[in-house]
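> Sequence plus the predicted model coming up.
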Amino acid sequence: MNRWLQNQRIAGVLGLIGGGLGVMVGLIQATFGTDIPNWTGHKAAPLPLGLLTVGLSVISVLAARQLQTRPGLPTGQRLVAALGLLIPGSLCFSTGGALWYVPGAILFTGGVYAVIGGEAHRTREVIATTWPLLLVSALGAFEVLMAVSAGSVMTAAVGVAGGVALMAAPWPQSARLRMALLIIGTVPFALLTWWSVASPLLAVVALAVGLTALRRPGYAGRPTAA
């Protein structure tokens, strides 16, 4: 086994471990969050944050399964899987409190192994051509972070759902689905938080980058570069 395949396999194992621990952390947060605030970050709404942690952890498990069961993933798909470890691993530091330190570190390490699990020059080529799509997904992650600290449960729920939709928007093959996810991921949360500066600005930037990137000639959906 060459070192690239070995790095990808390590990433998959770490992702499964970190994601599994993350699901446990989310369930603990949702069930006992009010009883152990020092461990769960003194959150005002531990139940929805715990469920969000579970959902994001499941995404990391699915990404890890791709890395583990499909050796030699094409570069673009490998980088998408890496995002599936890095984004939940980073976001849940704001939802899971101290309980997230271990799974977060494991997922972040797995994400790094996934990034280096292929030829460096091909990785750079794919990043250079798909960075606008990666930026849209990153903006979706920022939207989730803003939503977690939103005042009302409804606003937070809309923001989290919108952020997840925005993270997913660049990758489906269907052009209609991409556009629908882009709109769902930007407009509702921006309208609900119109009085702030950050969320409407994020929506404007995401729409500008997303509409340009997703409608460019030759766009083929999920990257598949070898």
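Nice, I can see it.
> Residue ranges in the protein under the pLDDT threshold?
For the chain, applying pLDDT under 70 flags the ranges 1, 150-151, 215-226.
> now do 50
By pLDDT under 50, the weakly predicted segments of the chain are 217-218, 220-226.
> May I have the residues that are in contact with the most centrally placed residue in it?
Geometric centre of the chain, nearest residue: I87, 3.7 Å, by C-alpha atoms, centre = their mean. Listed by C-beta atoms under 8 Å, 6 or more residues apart in numbering, the contact set of I87 reads L56, I59, S137, A138, A141, M167. The C-beta positions use only the backbone N, C-alpha and C, and glycine is treated the same way.
> Just checking the distance from the one helix or strand the fifth one maps to to the centre of its chain.
Assigned by DSSP states H and E, A141 belongs to helix 120-148. Averaging C-alpha positions (C-alpha atoms, centre = their mean, to the nearest Å) puts helix 120-148 9 Å from its chain's average.
> Which neighbouring elements make contact with it?
helix 46-69, helix 75-91, helix 153-168, helix 175-192, helix 198-214 (3 or more C-beta pairs under 8 Å, 6 or more residues apart in numbering; DSSP states H and E).
> Report how many residues lie close to the residue nearest to T69 when sequence neighbours are not counted.
Distances taken as C-beta to C-beta, 6 or more residues apart in numbering place G12 nearest to T69, at 7.6 Å, with adjacent residues excluded. Residues near G12, counting by other C-beta atoms under 10 Å, number 26.
> mind checking the SS state of G12?
Of the three states, G12 takes helix under DSSP: H, G, I helix; E, B strand; the rest coil.
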